[in-house]
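Peer 1: Next comes the sequence, and after it the predicted model I'd like to discuss.
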Amino acid sequence: QVQLVESGGGLVQAGDSLRLSCAASGRTFSSYAMGWFRQAPGKEREFVATISRSGLRTIYADSVKGRFTSSRDNAKNTVYLQMNSLKPEDTAVYYCAAGAGFYTNYAQYDYWGQGTQVTVSS
């Protein structure tokens, strides 16, 4: 069992940056790949980024590639999402998730945080 708590969301202007954090409970954090997803009102949950157990591999959605960076600190049981050059279309609730594999499909993740709101004004 893994419990995830996201933080770092907020209201920013277009072009600003935010860093989201996702703190995990338990001693097995390093055995999970971690994913970031987001969901805007009226839209389906969409993939943002995933990072492997070691943190050496990452995959990003095309919409965020070059602007967002995911990293993790296994000693701190925390995964991060650095978001730069934010756009109004990045507005959504952002979720972190833990899974057994390095996936881009949200259905393949086992544990989810409660989400943190990111709002980008134009």
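Peer 2: Thanks, I have the structure now.
Peer 1: what's the distance between the residue of the chain most remote from its centre and residue 87?
Peer 2: Relative to the C-alpha centroid of the chain, counting by CA atoms, centre = their mean, residue 122 is the outermost residue, at 22.4 Å. When distance is defined by CB to CB, to the nearest Å, residue 122 is 8 Å away from residue 87. All C-beta atoms are positioned from the backbone trio N, CA, C, and that covers glycine.
Peer 1: Kindly report the same for residue 99.
Peer 2: 27 Å.
Peer 1: quick one: secondary structure of residue 89?
Peer 2: Assigned with DSSP: H, G, I helix; E, B strand; the rest coil, residue 89 falls in the helix class.
Peer 1: coming back round to it: residue 99 and residue 87: which is more packed in?
Peer 2: Using other CB atoms under 10 Å as the criterion, residue 99 and residue 87 rank with residue 99 on top: 20 against 14.
Peer 1: Helix or strand next in line after whichever strand or helix holds residue 79, which one?
Peer 2: Using DSSP states H and E, the secondary-structure element containing residue 79 is strand 78-83. Per DSSP H and E, the first helix or strand lying C-terminal to strand 78-83 is strand 92-99.
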